[in-house]
Structure formats: structure tokens, C-alpha cells
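In: here is a sequence with its predicted model. Questions after.
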Amino acid sequence: MSEYQAAPRTVVEACFDPQGTASLAYVYDLAAAAGLADQPVRLAIRRLEAAGVLRQEGRGRKGRLLLTDTGRLRSDTDVRLVRLAYAQDAGLAPWDGFWRLHTFSVPEQRRPERDALRTALTRLGAAPLAPGAYLSPHDLLAELVGETSESTVGSYLVTAEATRLTGPGFTDPASVAERLWPAADTLAAYRPLAEALAAEPVGTDHGSTALVASALGLADAFSRALEHDPLLPPELRPAPWPPARLRHAFRERWAAIRRQAPDLSLFRSFDPPGAEKA
């Protein structure tokens, strides 16, 4: 079994049903199954609440957590990013050859909006070119509106597209990608997932607790890898690209786990496209 332990935040996020509700009793039971004490889970809930992702109703095991609109939008974005990753791996989302430049200048009195744009661009994989200027091979406008607000985007964001981009140390698309999104950084983010996948799969004879702990560790490693992956089009990465192979291996392992416990809600929370058919 892998020794990789899921983060408390992953456990909390895994407990929400399709309606955006999670029983605190279920959260703490799942955390215990993953080898986590109650206190770090409580801290994770407080941080997520402070970030506006969820709100808590009631206390103790009789309480519940509710996703806010911000939390739902973030979840929807996460799903779209996973689908983009698998579409690119399958050759279904080829690059159109355009670089997208996103620039903004926000007054100091509107600093929260400036910070929100920076955070959203970084989370969506854009790379900084200069203060207030970010680059991406993807059109991020819709996601930026969801991550910040239509008012913020409409008031401060300027976008442009280009088919040619040159600068210090880069003269072609591949060198732009390597300069701004070094392959080594992305490969490093996938090492925990590779380690989790290399571990012996948990069989039904180990019991449901071991299966839950293994699944949460695997899901956490997958989620963390994608958080640090700008998901550049395959045309901008060397071939073969190891993260694509690891995502395929994750999908197969996840489908096998789901067949062992098809009714456990946490598995649905992390399903990649096609996992149920793999």
C-alpha cells in the first residue's frame, strides 16, 4: 500500500454530494479511515470557509458543510481542467497556434481585484511575462470571469492574441514553453502520483478502510499534480510526455477502485472522464 497520505483539504472536498452538501459525520469518518485526526480536518474546514469556498451549519458531527457559489465555480473549473487534460492526451484538443496575452493595471484602492486576477491567472496555468502581464496558449476569459467577476474582468483586463512570440531566450513555441513553463517543474509535480501508482493496489481482502485510505492518497496526488500543471498543448511539450502516461494509469487504477466500491461517494468526486468505462 502507498504511504502517501491525503491532505485534510482533499478529504473535505471529497465528501460533497452532487448538491454541494457534506455531512460533518461523514467528513470525520472518512478522515479517520484515511488516518487523519479531527484537528487538522477542522483547520482545513476553517481555511476553506475563510476562502469563501464553503460554509458550515451546525457544530460537531451533526453539522454539515455547504459549498458556496465560489466553491461551486471552483469545482466546475477543476472539472473542466481535468477534461482538458484528457482531451489533450487523446489528441482531441489541438493547439490553434495562438498565444493569449492577459494584461491589467488595477488601482491600489482596488487591490483585492488585482490580487484576484493574479491568483486566477496563476491557478489557470498562465505564466507572468512582466508585472501585470500573463501569457497562456489557452483562451482563459470565461474561466477568469468565473474565478473573479465579470465586473473585474470587464473593467481591468486587456487581452490580445498572437501567432509569433519572441524574447530573451526564446524564438519558437517550444522554447517559449520551456522558458515560461519548465518541463522539469511539471514533471516534479507528478512524482508523488507516480509513487502512488507504483504501490501495490489495495484488494478487497484489505477491507473498506484500507481501500478508502488508498483511494484518497491517490486522488490527492492526482489533484496536486494537476494544480501545478499548466496543461500546455502537447505540441508544446516533448514527446512522449510522462504526465500523459501517468494520467492514463491513474484513470485505469481509479476505474478498478470504483469497481470495488461503486457506491462510495468520494470516488465520484474525483472521477476523470471515462473512468467508469476504463
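Out: It's in.
In: now the phi/psi pair for Leu67, please.
Out: For Leu67, the backbone dihedrals (degrees, to the nearest 10) come out as phi -70, psi 140.
In: now do the contacts for the nearest residue to it once chain neighbours are set aside.
Out: Nearest residue to Leu67 in three dimensions, chain neighbours excluded: Gly20, at 3.6 Å (CB to CB, 6 or more residues apart in numbering). For glycine as for every other residue, the C-beta is placed from the backbone atoms N, C-alpha and C. By CB atoms under 8 Å, 6 or more residues apart in numbering, the residues touching Gly20 are 66-67, 71-72.
In: now, which of these lie within helices?
Out: Cross-referencing the contacts of Gly20 against helices under DSSP state H gives 71-72.
In: buried ones in stretch 78-86?
Out: Judged by neighbour count (16 or more other CB atoms under 10 Å), stretch 78-86 contains these buried residues: 78, 81-82, 84-86.
In: and the furthest pair within the contacts of Gly20?
Out: Farthest-apart pair in these is Leu66 and Arg72; separation 10.0 Å (CB to CB).
In: host element of Pro192?
Out: Element membership for Pro192, per DSSP states H and E: helix 191-198.
In: which parts of the stretch 51-200 of the chain are helices?
Out: Remark: helices assigned in the stretch 51-200 of the chain by DSSP state H, counting those that start in this stretch are 69-89, 111-123, 141-147, 150-156, 173-180, 183-189, 191-198.
In: now for the protein, the helix or strand with the poorest mean pLDDT.
Out: Using mean pLDDT, DSSP states H and E, the weakest-scoring helix or strand in the chain turns out to be helix 265-269, at a mean of 65.
In: any idea of the mean pLDDT in the helix holding Pro192?
Out: The average pLDDT within helix 191-198 is 94.
In: give the buried residues for it.
Out: So helix 191-198, judged by 16+ other CB under 10 Å, has buried residues 192-194, 196-197.
In: which helices and strands does it pack with?
Out: helix 208-227, helix 242-260 (3 or more CB pairs under 8 Å, 6 or more residues apart in numbering; DSSP states H and E).
In: what's across from the residue nearest to Leu141 when sequence neighbours are not counted in the sheet?
Out: Distance criterion CB to CB, 6+ apart; nearest residue to Leu141, sequence neighbours excluded, is Thr159 at 6.5 Å. The partner list for Thr159 in beta bridges (DSSP bridges) reads His102.
In: could you list the low-pLDDT ranges of the stretch 151-278 of the chain?
Out: The model of the stretch 151-278 of the chain has pLDDT under 70 over residues 202-208, 263-270, 273-278.
In: 80 instead, please
Out: For the stretch 151-278 of the chain, the stretches with pLDDT under 80 are 200-213, 261-278.
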